[in-house]
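# structure of the sequence below:
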Amino acid sequence: MVWDHFVKMKNVDGSLRKPGRAKCKYYPQTYTSDSRSNGTSTMKDHVTLQCRKSPVYVRSKRQRKLSFEPTEKGGNLVAIAFENKTSKLACARMVVRDELPFSFVENEGFREFMRVTQQHTE
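Numbers count the residues shown, from 1 in each chain. Below you'll find the model as predicted:
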């Protein structure tokens, strides 16, 4: 239930605020909280899709990141999604093209580098 993750805000005298407001328990975000006139869908979206501290937060598998793609006339911003298969293929091409030993990708330094640059890498 969405109300498990929000606290109804009160006035200094202890009375409930009008119009009602609710504050997230995990992040200092407030929302209009009159269930009849505003609904609770924005609060539900906050705790499930936006608030990373929420125990019900679900990381979007479709979320993309912006990346700069250089071109001859400057560059473009493009939205990319990480794909494990594509990453492994690019790594294999790098090993072959640069004539690196296959053990290169097994070294702890390379694994740490990949963890830092791509948190999704397995």
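# buried sites along stretch 9-28?
R21, A22, C24, Y26 (16 or more other Cβ atoms under 10 Å). For every residue, glycine as well, the C-beta is placed using N, CA and C.
# so what secondary structure elements neighbour the lengthiest helix in the chain?
Criterion DSSP state H: the longest helix present in the chain is helix 84-97. The contact analysis (3 or more Cβ pairs under 8 Å, 6 or more residues apart in numbering; DSSP states H and E) places helix 84-97 against no helix or strand.
# about what we covered before: closest to W3 out of the buried residues of stretch 9-28?
A22 (7.9 Å; Cβ to Cβ).
# doesn't the closest one lie inside a helix?
No. Using DSSP: H, G, I helix; E, B strand; the rest coil, the assignment for A22 is strand, not a helix.
# any idea how far it is from S15?
Here A22 is placed at a distance of 15 Å from S15 (Cβ to Cβ, to the nearest Å).
# now do R52
Taking Cβ to Cβ, one finds R52 at 33 Å from S15.
# who touches stretch 34-43?
V2, W3, H5, F6, P19, G20, A22, C24, Y31, T32, S33 (Cβ atoms under 8 Å, 6 or more residues apart in numbering).
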